[in-house]
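Novice: Provided below are the primary sequence and the corresponding predicted coordinates.
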Amino acid sequence: HQLLYAVGIGCEDLRYVYEYDSDFAAFPTYPVLFGFKGTDQDVISFPSPAMQEGPSNPPLEGIKAGLDGERYIEMIKPLPADGAELTLKTRLIGVHKRGSGASVEMEQLVSGADGTLYYRLVSGAFLVGAKNFTDSGETNSKKIDPPNRAPDTVVEMPIPSNQTHVYRLSGDYNPLHIDPNMAQMMGFKEPILHGLCSLGFSTRAVLQAYGENDPSKFKSVRVRFASPVLPGNTLQVEMWKEGSIIIFQTKVKETGKVAINNACLELNAGAKM
């Protein structure tokens, strides 16, 4: 799983793609997959059995579509390099009005059999058209604006034209990302890149620029998906260093459109800067 995921987000560093490397480790955002594939090694349906077992979105009126809105990934402790039995617990934490719909936030906790907490993940799904509901619960969402200055670092990352074909093998088999007919039915001219794939590429750029590509220097990452990326596009990741927090946004170079905003990566306090 973790090798496929690493290749799916474009990793080239041997520590992420070669199981016998002396520093072998999972890329820090790898646990975003756990809610898709569970323990299954095969090609699976979408939504997957693991997704269907978790809590479902509340039954709101008027929903026209569901989009991946925001993600937060916090590493509390690195996953054991030699593997471990892990448990994923998911709970609904809040429903909030957002523009023309609702943001539904789910929290996932990744723990070991002995109770060790490894990761906390929060996803915010945007339900277009949802209406007639009241805000409830808590929110993990925060507003993050880039400083009013030129970026400290800009990294360009070309996305191979077959990247969705590779990334989907990690467990996100949504046909939107490979089937042209399905993409058109959902309002896109062609299949789009998985949002979580662009999250992986962007996180890689920031960790490489400010954390020596060392997974132990990763503390958390937060992103909001602003617009789609197409396979073959070039991502332009703009970064601003604010102490141990790197604020970033990701643009599509060819169009100038922002694909990821409201984003930051926090480094471990002990990381060399």
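Specialist: All right, it came through fine.
Novice: which SS class is the closest residue to Gly8 other than its chain neighbours?
Specialist: Distance criterion C-beta to C-beta, 6 or more residues apart in numbering; nearest residue to Gly8, sequence neighbours excluded, is Tyr167 at 3.7 Å. (C-beta placed from N, C-alpha, C; glycine too.) Secondary structure, DSSP: H, G, I helix; E, B strand; the rest coil: Tyr167 is helix.
Novice: if I pick Tyr167, what's in contact with it?
Specialist: By C-beta atoms under 8 Å, 6 or more residues apart in numbering, Tyr167 lies in contact with Gly8, Ile9, His177, Leu193, His194, Leu196, Cys197, Gly200.
Novice: Go again with 7 Å.
Specialist: Gly8, His194, Cys197 (C-beta atoms under 7 Å, 6 or more residues apart in numbering).
Novice: again, but for Phe201
Specialist: Here Phe201 is in contact with Ile9, Gly10, Met157, Ile159, Leu235 (C-beta under 7 Å, 6+ apart).
Novice: Repeat that for Leu60.
Specialist: With C-beta under 7 Å, 6+ apart, Leu60 has these contacts: Ala102, Leu127, Ala130, Phe133.
Novice: Give me the distance between the residue nearest to Gly8 and Ser198.
Specialist: 10 Å (C-beta to C-beta, to the nearest Å).
Novice: go on, Val237?
Specialist: With C-beta to C-beta as the criterion, Val237 and Ser198 are 10 Å apart.
Novice: Mutual contacts of the two, please.
Specialist: Joint contacts of Val237 and Ser198 (C-beta under 7 Å, 6+ apart) are Thr250.
Novice: about what we covered before: reformat the contacts of Phe201 into TSV and put distance to Asn261 and pLDDT next to each item.
Specialist: Listed next are those as TSV, based on distance: C-beta to C-beta, whole Å; pLDDT from 0 to 100:
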residue	distance to Asn261	pLDDT
Ile9	19	98
Gly10	21	97
Met157	17	98
Ile159	18	98
Leu235	13	99
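Novice: Now for those: which two are most distant?
Specialist: Greatest spacing in the contacts of Phe201, by C-beta to C-beta: Ile9 and Leu235 (11.3 Å).
Novice: neighbour-wise, which of these two wins?
Specialist: Per other C-beta atoms under 10 Å, whichever of Ile9 and Leu235 has more neighbours is Ile9, with 25 against 22.
Novice: give me the number of residues near the closest residue to that one other than its chain neighbours?
Specialist: Spatial nearest neighbour of Ile9, chain neighbours left out: Gly200 (2.9 Å); criterion: C-beta to C-beta, 6+ apart. Using other C-beta under 10 Å, Gly200 has 25 neighbouring residues.
Novice: What separation do you get for Gly200 and Ala259?
Specialist: Going from Gly200 to Ala259 by C-beta to C-beta gives 13 Å.
Novice: I'd like to know the phi and psi angles of the nearest residue to Lys64 once chain neighbours are set aside, please.
Specialist: Nearest residue to Lys64 in three dimensions, chain neighbours excluded: Gly129, at 3.9 Å (C-beta to C-beta, 6+ apart). The phi/psi pair for Gly129 (degrees, to the nearest 10) reads phi 90, psi 0.
Novice: and Lys131, how many neighbours?
Specialist: 13.
Novice: my bad, Gly137
Specialist: So Gly137, with other C-beta under 10 Å, has 12 neighbours.
Novice: Please apply the same query to Gly35.
Specialist: 21.
Novice: Looking at the spatially closest residue to Glu19 that is not a sequence neighbour now. What's its pLDDT?
Specialist: Leaving aside its chain neighbours, Glu19 sits nearest to Leu3 (6.7 Å; criterion: C-beta to C-beta, 6+ apart). Note on Leu3: pLDDT of 94.
Novice: Please apply the same query to the one 3 residues further on.
Specialist: Ala6 carries a pLDDT value of 97.
Novice: And Ser48, by the same measure?
Specialist: Value for Ser48, per-residue pLDDT: 47.
Novice: Quick check: Pro151 vs Cys264, distance?
Specialist: 13 Å.
Novice: Between those two, which is the more surrounded one?
Specialist: Set side by side, Pro151 and Cys264 show more neighbours around Cys264, with 20 against 17, by other C-beta under 10 Å.
Novice: secondary structure class for that one?
Specialist: Assigned with three-state DSSP, Cys264 falls in the strand class.
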